[in-house]
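Novice: no FASTA, just this:
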């Protein structure tokens with residue numbers, strides 16, 4: 001009994017007689033001992049805390065992801081906080097061990113810039129464990145046969161060695177895969193003779209849930225493309241915890257902006273005019289990275305004011321201490337520097353809204369009123385939240401403008417224009433991929449609007465035949481019939497000049513509302529347009545009205561505006577005659 005030590009310190013031994021009721025308890029001498037004790041006589045060894053005792057959850061620097069981080073902790077770390085002897089009481093028995101199986105894998109997926117890498121980095125700092133192994137997905141791949149699989153095995157070598165030596169008393173080993181979709185694609189989806197991607201996936205599967213199972217590892221994968229990852233990786237026992245890190249809501253944006261402006265507030269560099277809550281309201285569908293970029297852009301705008309103009313770049317040292325980032329700096333950054341990837345582009349809508357709205361008759365008012373109802377139906381919480389409207393009418397009747405006007409009036413955070421102009425030269429497969437991407441991007445926003453302009457051109461429709469792209473047609477039928485995910489609402493506005501074709505192709509029935517857009521057919525319509533755009537005197541307008549009373553015409557508003565642009569180039573005395581001549585040509589079908 002001499003020479004007993006504990007934690008390298010000599011221990012005093014007590015001697016005495018043993019009674020029949022005496023209980024003998026066995027304990028490990030140290031964490032590095034190769035003896036694994038089992039059974040009721042095993043003592044309660046000292047348990048190393050999993051969470052770093054100096055860690056402050058309030059200072060994590062993760063804004064808008066409280067729920068996601070709480071879910072990660074509940075699923076992956078709550079069971080690891082308890083001592084091994086307690087976990088063994090909850091486990092299942094097999095021939096080799098008695099232990100509860102911890103979660104071994106977490107997949108964080110979502111749009112770029114939403115904080116996936118930040119969460120993984122902060123998890124590594126939070127845990128009182130070994131330094132995490134951070135692997136960029138493509139780094140695993142190697143030009144030599146077998147080297148990629150060898151690199152994967154080396155990542156788990158330390159955990160395997162310690163598990164064989166210490167068993168359930170082993171420490172936690174964390175492996176973080178950034179862009180995991182680069183190495184874990186669906187098996188069989190890659191062409192080539194080597195099949196290296198397939199074997200890398202197989203190797204990872206065996207390490208996570210193979211014959212020799214490890215309970216001391218945690219794999220954290222991050223990706224923007226969950227759909228590309230092999231399904232076998234995502235079943236329970238492997239990477240079973242899958243959390244979508246989506247775009248932050250308004251409260252989350254407030255938290256993120258406060259984090260990125262904390263130092264400025266501490267050193268009084270943030271002007272009191274900056275309202276964080278108002279800024280969060282304006283930055284709809286901004287990701288965390290885009291909000292950080294917005295703050296940097298505002299800082300750059302403020303610092304640029306201190307640069308002296310001249311032959312050399314110099315800083316006004318007298319004004320440096322007075323530097324303040326104001327609300328105008330943030331407004332400038334919002335307008336010129338940073339645009340959300342999942343928001344809407346003012347330039348795209350501005351291109352469609354060229355010239356301004358001309359309300360030339362009751363038919364335009366009816367379309368706009370119907371648009372207001374569509375917006376309310378999409379946003380109302382007691383509705384299905386999936387509205388599909390079709391604006392049908394003759395060519396040049398202003399359908400695209402009205403669709404863009406309704407979309408902009410909705411003020412939805414995500415507005416995307418899907419136009420055939422952007423797909424010139426695309427193959428059928430490329431068009432389908434682009435359509436799918438637009439819809440998937442819309443699903444990431446709580447409120448979204450998609451404008452599908454000139455849908456028959458998107459389908460490559462030609463009346464000779466008729467001919468059209470069946471592949472794109474089937475893609476549209478599927479996408480228009482697929483409901484958005486939970487808590488996502490979507491308004492789709494399509495335009496067409498060939499309603500009869502959509503009916504024959506069964507595409508017309510995919511829309512919940514059909515709104516007719518009419519042309520100018522009465523002299524009163526023409527007069528309303530002339531009064532709206534100006535350039536004609538009252539007597540000239542009355543003259544035109546009287547001349548058109550007995551003329552049958554059907555002028556699209558777009559064609560009407562083009563005619564007026566042409567007429568205005570003539571002399572003042574010829575403008576009325578040129579305009580009337582255009583209507584006569586329309587009546588004759590010339």
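Specialist: Done, it's in. In this text, all values refer to a predicted model and were calculated from it rather than measured experimentally.
Novice: And the protein, split by domain according to the record?
Specialist: As recorded under automatic domain parsing, the domains making up the chain are 57-244, 250-337, 346-354+365-515, 523-588.
Novice: Residue 19 is nearest to which of those domains?
Specialist: Evaluated over the domains of the chain, closeness to residue 19 peaks at domain 57-244, with 25.6 Å, by C-beta to C-beta. Quick note: C-beta positions are derived from backbone N, CA and C, even for glycine.
Novice: Make CSV from the domains of the chain and add distance to residue 19 and mean pLDDT to it.
Specialist: Output for the domains of the chain, formatted as CSV (distance: least, C-beta to C-beta, whole Å; pLDDT from 0 to 100):
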stretch, distance to residue 19, mean pLDDT
domain 57-244, 26, 78
domain 250-337, 62, 84
domain 346-354+365-515, 65, 91
domain 523-588, 104, 82
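Novice: In TSV, list those along with distance to residue 17.
Specialist: Shown next, in TSV, are the domains of the chain (distance: least, C-beta to C-beta, whole Å):
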stretch	distance to residue 17
domain 57-244	29
domain 250-337	65
domain 346-354+365-515	69
domain 523-588	107
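Novice: Output the ones you listed in JSON lines, with mean neighbour count appended to each entry.
Specialist: As requested, the domains of the chain are exported to JSON lines (neighbours: other C-beta atoms under 10 Å):
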{"stretch": "domain 57-244", "mean neighbour count": "17"}
{"stretch": "domain 250-337", "mean neighbour count": "16"}
{"stretch": "domain 346-354+365-515", "mean neighbour count": "18"}
{"stretch": "domain 523-588", "mean neighbour count": "15"}
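Novice: Of these, which is nearest residue 16?
Specialist: domain 57-244 (26.6 Å).
Novice: avg pLDDT for stretch 356-364?
Specialist: Here stretch 356-364 scores 88 as its mean pLDDT.
Novice: what about that stretch, distance to the chain center?
Specialist: Chain-centre distance of stretch 356-364: 37 Å, with C-alpha atoms, centre = their mean, to the nearest Å.
Novice: picking up where we left off before, compare the domains of the chain and report which one is nearest to residue 18.
Specialist: That would be domain 57-244 among those, by C-beta to C-beta, at 24.2 Å.
Novice: before we move on, back to that, among the domains of the chain, which comes closest to residue 20?
Specialist: domain 57-244 (25.9 Å).
Novice: shouldn't residue 453 be in contact with residue 419?
Specialist: Yes - the criterion here is C-beta atoms under 8 Å, and residue 453 meets it with residue 419 at 4.6 Å.
Novice: What's the first helix or strand after the host helix or strand of residue 524?
Specialist: Using DSSP states H and E, residue 524 sits in helix 523-533. Using DSSP H and E, the helix or strand that follows helix 523-533 in sequence is helix 538-547.
Novice: Direction-wise, compare that following helix with helix 523-533 and give the angle.
Specialist: 160 degrees (axes from the mean of the first three to the mean of the last three C-alpha atoms, to 10 degrees).
Novice: helices or strands up against the helix holding residue 524?
Specialist: helix 538-547, helix 557-567 (3 or more C-beta pairs under 8 Å, 6 or more residues apart in numbering; DSSP states H and E).
Novice: Recalculate using a threshold of 6 Å.
Specialist: Applying 3 or more C-beta pairs under 6 Å, 6 or more residues apart in numbering; DSSP states H and E, one finds that helix 523-533 contacts helix 538-547.
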